[in-house]
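K.L.:
Sharing a sequence plus its predicted fold:
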Amino acid sequence: MSTGVSLMLTLLFLTLIKSVPIVYAALGGVISERAGVVNIGLEGMMTAGAFSAVVFTNLTGSPIVGLIAGVFFGAVLGFVLGFAATFFKVDQIVAGVGINLVALGGAAYGLVLIFNQPGASPQVTQLAPGQLLPQITTGETAMIVLGLLCAFGLNWFIYRTPWGLRIQACGENPRAVTDAGLNPLRLRLYSVIASGALAGLGGAFLSICEVNLYSDGMTAGRGFIALAAVIFGRWTPWGATGAAVFFGFFEALQYVLQGRISWLPSDAMQALPYLAALFAIAGLVGRVRAPAADGVPY
Amino acid sequence: MRVVLRVLAGPAGALVLAFVLAAVAMLIAGVSPLDGFGALFAGSLGGRRPIAETLVQTTALLFPALGVSLAFRAGLFNIGAEGQLLIGGLFAGAVGAHFAGPGWLVIPVLLLLGMVGGGIWGGIAGWLRARFNASEIISTLMLNFIALSLAGYLVAGPLKSPLASGAETAPLLPNGYLPAFPTLGSISFGDTRLTISILIAIATAVVLSFVFTRTVFGYELRAAGEAPEAARRSGINMPRMTLIALALSGAVAGLGGAAIVTGVLHRFNTALSPGYGYTAIAVALVGDLNPLWVCVAAFGFGILEAGGLAMQANAGVPKDAIHVIEGLIVLVLAARRYFATRATGAPV
């Protein structure tokens, strides 16, 4: 195989792998914002997922349990934000910033408390590390397929089921939901819990599937990039998935280009996915419309 | 009862909560809160050196917190103080490494450069919001990461000091060092890291307080934040206000970066901030976005930052517990209303 073709294949596989955590978090962002809650805490929920997955894998020896723990603790933070954003009517952005500080500090605190080593956890069992394709593990393949299923499921749920339509209504006009005899606050709460669960799953992928440990700051803003993917994907599950893959591509590109372009050092190229997200949200001038009641407490 | 609740829902309640949570964090780590707080306060207030270190941390938090307050008062979520701080420090460090001259010239120029750097970084977010309605929340966050890669690239490459083993700029020439804090009676701070930058920070707070309450610009800025629709209808140029507010907010944070470079590090590297820009959001909220109260809040958080290290070393409580507490304070304070409406905001 010529080097060009193998390089393209590497880029393709890396794009798939790097997209996974952003896709999960972006789908979480879609369901939360469709219900009317802006979830800046996605980053923190990913951190919680990544850290708890390592802790529980270490505890039980089973990465599957770790994955479930990641989902659970992401959902717990989702519950905190959801509860605050609905029944306490807090400012969602400020609360989300708080969630991020708590999660990042909590993981660093937990590293010292549980593993007695700051910075990074010891190595744990990785999720199905066997090679399925040349550059992609069985675990990663499973998570890619699951991610696509989640996108498909969320799309079906939001547009084709009564509860999905009600959740959409919570984001557009919560008053109408009340008039229909339902409690929009409760629907918003459920949506943000689901959002946290998805972000937690994305975080768990980072720590026990892509690698086999947790290190401080390993989410590296992917939760925030996922927020940009939600906007770029216009608040639709497939749109957000596509946008997440687009940003994942730039992250993969950075690895592939590393050392190949002498005048473009790796430090500067680390900015690629963030620059892509910045341009993406700026390039949508006047062409996007968020759910009408997105970010507005009811 | 209602009065008690209202007080507890505010900054005072947040501080009470902080102490309760700190005690819980110590208990989880298996440390008696008495020992934990003992170490924390001994390490932050127990003597001349600890107090000096607390004030160094206070200063580092105060500049970005003032910047954050300014943007929040204008109804703009600047979550990018971290990046603005870094770029401000980068500008000061890059020029300071080669700028020979008398101190009265070098120091103001370096501080001004910090403001310019931070102002540009905040201004980019402001321009994107004003011109393209791109959410400043996301753009400032992205710019934090971009700032870190840019600075990391520059100090590892073009700006790297040939003498240093690590990635950092060449040291400033001594004329660029901020003077030590003046001697108070018989107490000298010459052997500590405390400089006059704390006085510059407090002066900035006083100026901002004056601008908010006594000038037309401050009135318009607050109007833009508290009643955007009314402000727009009364003829305030909202896109222009957005750009100016975010640029100014970044400039204040950038000044903080330059103050750390000229006052503490005497060179620039990316370890300049262990997250001051994020903690600053908590500081600004605890200070109720009022510059003078933000000073008090910064002192409180300065105690936590300086004491946290001592608490970790002497009582065995990981210092990261401090950041959990800060986050919980922000969560609690989110329940207060800071903005009239988000309905007119950019899509997030």
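P.N.:
Now that the structure is in, tell me what you want to look at. Numbers count the residues shown, from 1 in each chain, chains lettered A, B, ... in the order given.
K.L.:
Now residue B:92. Nearest residue, chain neighbours left out?
P.N.:
Leaving aside its chain neighbours, residue B:92 sits nearest to residue B:258 (3.7 Å; criterion: Cβ to Cβ, 6 or more residues apart in numbering or on different chains). The C-beta positions use only the backbone N, C-alpha and C, and glycine is treated the same way.
K.L.:
mind checking how far the host helix or strand of that neighbour is from the chain centre?
P.N.:
Using DSSP states H and E, residue B:258 falls within helix B:238-260. Computed by Cα atoms, centre = their mean, to the nearest Å, the chain-centroid distance of helix B:238-260 equals 12 Å.
K.L.:
Could you list every helix and strand that that helix packs against?
P.N.:
Contacts defined by 3 or more Cβ pairs under 8 Å, 6 or more residues apart in numbering or on different chains; DSSP states H and E place helix B:238-260 against helix B:48-73, helix B:81-96, helix B:103-132, helix B:136-156, helix B:197-214, helix B:216-226, helix B:228-233, helix B:276-286.
K.L.:
Could you figure out how far that helix is turned away from helix B:81-96?
P.N.:
The directions of helix B:238-260 and helix B:81-96 differ by 60 degrees, with axes from the mean of the first three to the mean of the last three Cα atoms, to 10 degrees as the criterion.
K.L.:
buried residues in helix B:238-260?
P.N.:
For helix B:238-260, the buried set under the neighbour-count rule, 16 or more other Cβ atoms under 10 Å in any protein chain shown, comprises B:238, B:241-260.
K.L.:
Quick one: closest of the helices and strands packed on helix B:238-260 to residue A:230.
P.N.:
helix B:136-156 (9.6 Å; Cβ to Cβ).
K.L.:
Export the closest one to CSV, keeping only CA atoms.
P.N.:
Provided in CSV are the C-alpha atoms of helix B:136-156 (Å, rounded to 0.1, in the frame of the first residue of the first chain):
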residue,chain,number,x,y,z
GLU,B,136,-19.5,34.7,23.4
ILE,B,137,-19.8,31.7,25.8
ILE,B,138,-18.5,29.3,23.2
SER,B,139,-16.0,31.6,21.5
THR,B,140,-14.4,32.7,24.8
LEU,B,141,-14.0,29.0,25.8
MET,B,142,-12.5,28.1,22.5
LEU,B,143,-10.2,31.1,22.7
ASN,B,144,-8.9,29.8,26.1
PHE,B,145,-7.7,26.6,24.4
ILE,B,146,-6.4,28.5,21.3
ALA,B,147,-4.5,30.8,23.6
LEU,B,148,-2.9,27.9,25.4
SER,B,149,-1.7,26.2,22.2
LEU,B,150,-0.5,29.5,20.8
ALA,B,151,1.4,30.4,23.9
GLY,B,152,2.7,26.9,24.2
TYR,B,153,4.0,27.0,20.6
LEU,B,154,5.6,30.4,21.0
VAL,B,155,7.5,29.6,24.2
ALA,B,156,8.6,26.3,22.9
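K.L.:
Does that helix reach chain A?
P.N.:
Yes. Using Cβ under 8 Å from any Cβ of the partner chain, we find that helix B:136-156 touches chain A at B:137-139, B:141-146, B:149-150, B:152-153, B:156.
K.L.:
Surely residue B:270 and residue B:160 touch.
P.N.:
No. The criterion here is Cβ atoms under 8 Å, and residue B:270 misses it with residue B:160 at 12.0 Å.
K.L.:
anything in contact with each of the two?
P.N.:
residue B:167 (Cβ atoms under 8 Å, 6 or more residues apart in numbering or on different chains).
K.L.:
Report the buried residues of the longest helix anywhere in chain A.
P.N.:
Secondary structure of chain A read by DSSP state H shows that its longest helix is helix A:3-34. Going by neighbour count (16+ other Cβ under 10 Å), the buried part of helix A:3-34 is A:11, A:13-34.
K.L.:
And the helices in the stretch 1-150 of chain A?
P.N.:
Along the stretch 1-150 of chain A, counting by DSSP state H, counting those that start in this stretch, helices occupy A:3-34, A:42-60, A:63-86, A:92-110, A:138-160.
K.L.:
how about TSV for the ones you listed, with mean pLDDT added?
P.N.:
Below are the helices of the stretch 1-150 of chain A laid out as TSV (pLDDT from 0 to 100):
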stretch	mean pLDDT
helix A:3-34	93
helix A:42-60	97
helix A:63-86	95
helix A:92-110	92
helix A:138-160	95
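K.L.:
just so I know, which of those lies nearest chain B?
P.N.:
Relative to chain B, the nearest member of the helices of the stretch 1-150 of chain A by Cβ to the nearest Cβ is helix A:92-110, separated by 2.9 Å.
K.L.:
from the chain's centre, how far out does that closest one sit?
P.N.:
Relative to the chain's own centre, helix A:92-110 is displaced by 15 Å; criterion: Cα atoms, centre = their mean.
K.L.:
repeat for stretch B:104-115
P.N.:
How far stretch B:104-115 lies from its chain's middle: 19 Å, per Cα atoms, centre = their mean.
K.L.:
wait, what's in contact with the residue nearest the centre of chain B?
P.N.:
The centroid of chain B falls nearest to residue B:64 when counting by Cα atoms, centre = their mean (2.3 Å). Going by Cβ under 8 Å, 6+ apart, residue B:64 touches B:81-82, B:84-85, B:252-253, B:256, B:276-277, B:280.
K.L.:
Output these in a markdown table; the columns should cover pLDDT.
P.N.:
As requested, the contacts of residue B:64 are exported to a markdown table (pLDDT from 0 to 100):
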| residue | pLDDT |
| --- | --- |
| B:81 | 97 |
| B:82 | 97 |
| B:84 | 98 |
| B:85 | 98 |
| B:252 | 98 |
| B:253 | 98 |
| B:256 | 98 |
| B:276 | 95 |
| B:277 | 95 |
| B:280 | 95 |
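K.L.:
on that earlier part again, tell me the angle of the helix holding residue B:258 relative to helix B:48-73?
P.N.:
Here helix B:238-260 points in a direction 170 degrees away from that of helix B:48-73 (the same axes, to 10 degrees).
K.L.:
Give me the nearest residue to residue B:175, chain neighbours excluded.
P.N.:
Nearest non-adjacent residue to residue B:175 (Cβ to Cβ, 6+ apart): residue B:103, at 4.5 Å.
K.L.:
The helix holding residue B:258 vs helix B:276-286, what angle?
P.N.:
Using the same axes, to 10 degrees: helix B:238-260 against helix B:276-286 is 120 degrees.
K.L.:
Could you tell me how many residues sit around residue A:98?
P.N.:
For residue A:98, the count of nearby residues is 30 (other Cβ atoms under 10 Å in any protein chain shown).
K.L.:
OK, contacts around it?
P.N.:
The neighbourhood of residue A:98, defined by Cβ under 8 Å, 6+ apart, consists of A:41, B:282, B:327-334.
K.L.:
Quickly note the distance from it to residue B:231.
P.N.:
To residue B:231, residue A:98 is 28 Å away according to Cβ to Cβ, to the nearest Å.
K.L.:
Point out the residues in the stretch 51-200 of chain B that sit beside chain A.
P.N.:
Residues of the stretch 51-200 of chain B lying near chain A by Cβ under 8 Å from any Cβ: B:77, B:79, B:128, B:131-135, B:137-139, B:141-146, B:149-150, B:152-153, B:156-157.
K.L.:
Please indicate which of those residues are buried?
P.N.:
The buried subset of these - by 16+ other Cβ under 10 Å - is B:77, B:79, B:128, B:132-135, B:137-139, B:141-146, B:149-150, B:152-153, B:156.
K.L.:
coming back round to it: intersect the buried residues of helix A:3-34 with the contacts of chain B.
P.N.:
Answer for those near chain B (Cβ under 8 Å from any Cβ): residue A:33.
K.L.:
Output the contacts of residue A:98 as a markdown table; include the columns neighbour count and distance to residue B:93.
P.N.:
Shown next, in a markdown table, are the contacts of residue A:98 (neighbours: other Cβ atoms under 10 Å in any protein chain shown; distance: Cβ to Cβ, whole Å):
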| residue | neighbour count | distance to residue B:93 |
| --- | --- | --- |
| A:41 | 38 | 33 |
| B:282 | 30 | 27 |
| B:327 | 26 | 30 |
| B:328 | 24 | 34 |
| B:329 | 27 | 32 |
| B:330 | 27 | 30 |
| B:331 | 26 | 35 |
| B:332 | 25 | 37 |
| B:333 | 26 | 34 |
| B:334 | 25 | 35 |
